[in-house]
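In: Mind looking at a prediction? Sequence and model below.
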Amino acid sequence: RKEVEQDPGPFNVPEGATVAFNCTYSNSASQSFFWYRQDCRKEPKLLMSVYSSGNEDGRFTAQLNRASQYISLLIRDSKLSDSATYLCVVERGSGYSTLTFGKGTMLLVSP
Amino acid sequence: GAGVSQSPSNKVTEKGKDVELRCDPISGHTALYWYRQSLGQGLEFLIYFQGNSAPDKSGLPSDRFSAERTGGSVSTLTIQRTQQEDSAVYLCASSFFLSNEQFFGPGTRLTVL
C-alpha cells in the first residue's frame, strides 16, 4: 500500500457543484493530517488541517477516519478559482513534523 | 514579512556537474525542510533541519545529496555528479518548531542535460 494514495483525477465539475476527494494512508503512527493546495507550477500552500471530529472552513469540509486510515475533503459551491491540485498530506510519524505528500487530485471547475 | 525564498529559480546543468541550491527560510522559523517534486509525481521528502542539525535525513536518495544549514537560517542543498534523474523542482519549506503549517518557497527547477 502506498504511503498516501489519492485519485489523480482530473475531476471536471461546473461552477456551483459539490465535489469530494478521498485519500488513504498506510502509516498508522501518523498523528497529523492536512490538505494542501497547489496551483499549476506554484508551491503548495496549506488549505486546512484535518481532525477526527471533522472540521469546516467556509465551503471546505475535511474529515478523518483513523480506523479506516481515510481522509476526505468536500468542496461545496465550487468556484473557478478552486481549480488546482489538492494534496493529501500525512505527518510521517517520525516525531519531527515531517510530511508525506500524496500525488494530488486535480480539480478543474468550468463556467 | 518576506516568505521563503530560493535561488536560483532555474538551473540547467550538464550531467556529472555539481549544483548548489539555496533556501532562505522565514525569519524566526527554526524548522526547515527540503522536498523535490518530479514531473507528475508527489512531493518527496529529502531532509529536515531543526536549527543547524538534521535529525531526519532519511529521504536523501543517495550519498550524492547533502545539505547543510548555518546560523539556524540559510540552507544549501548540494547535489554532486548530477544525473538526469535528478531533474526536478526542489522545494524548501520552513515552519516554527513542531508547527503544523509549513510555508514553501517557489522552488528551484533543476534540469540535468
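Out: The structure has been received and is ready for your questions.

In: With adjacent residues omitted, what lies nearest to the spatially most central residue of chain B?
Out: The centroid of chain B falls nearest to residue B:34 when counting by CA atoms, centre = their mean (3.5 Å). The shortest distance from residue B:34 to any non-neighbouring residue, by CB to CB, 6 or more residues apart in numbering or on different chains, is to residue B:46 (4.2 Å). Every C-beta, even on glycine, is put in place using the N, C-alpha and C of the backbone.

In: Show me where chain B has its strands.
Out: For chain B, applying DSSP state E gives strands covering B:5-7, B:10-13, B:19-24, B:31-37, B:43-50, B:53-56, B:65-69, B:75-79, B:88-95, B:103-104, B:108-112.

In: Let me know whether the second one sits next to chain A.
Out: No - judged by CB under 8 Å from any CB of the partner chain, strand B:10-13 stays clear of chain A, getting no closer than 11.7 Å.

In: buried ones in that strand?
Out: Applying a neighbour-count criterion of 16 or more other CB atoms under 10 Å in any protein chain shown, one finds B:11, B:13 buried in strand B:10-13.

In: Mind giving me the packing neighbours of that strand?
Out: Applying 3 or more CB pairs under 8 Å, 6 or more residues apart in numbering or on different chains; DSSP states H and E, we find strand B:10-13 packed against strand B:19-24, strand B:108-112.

In: about what we covered before: mean pLDDT lowest for which of the strands of chain B?
Out: Of all the strands of chain B, strand B:53-56 carries the lowest average pLDDT, namely a mean of 90.
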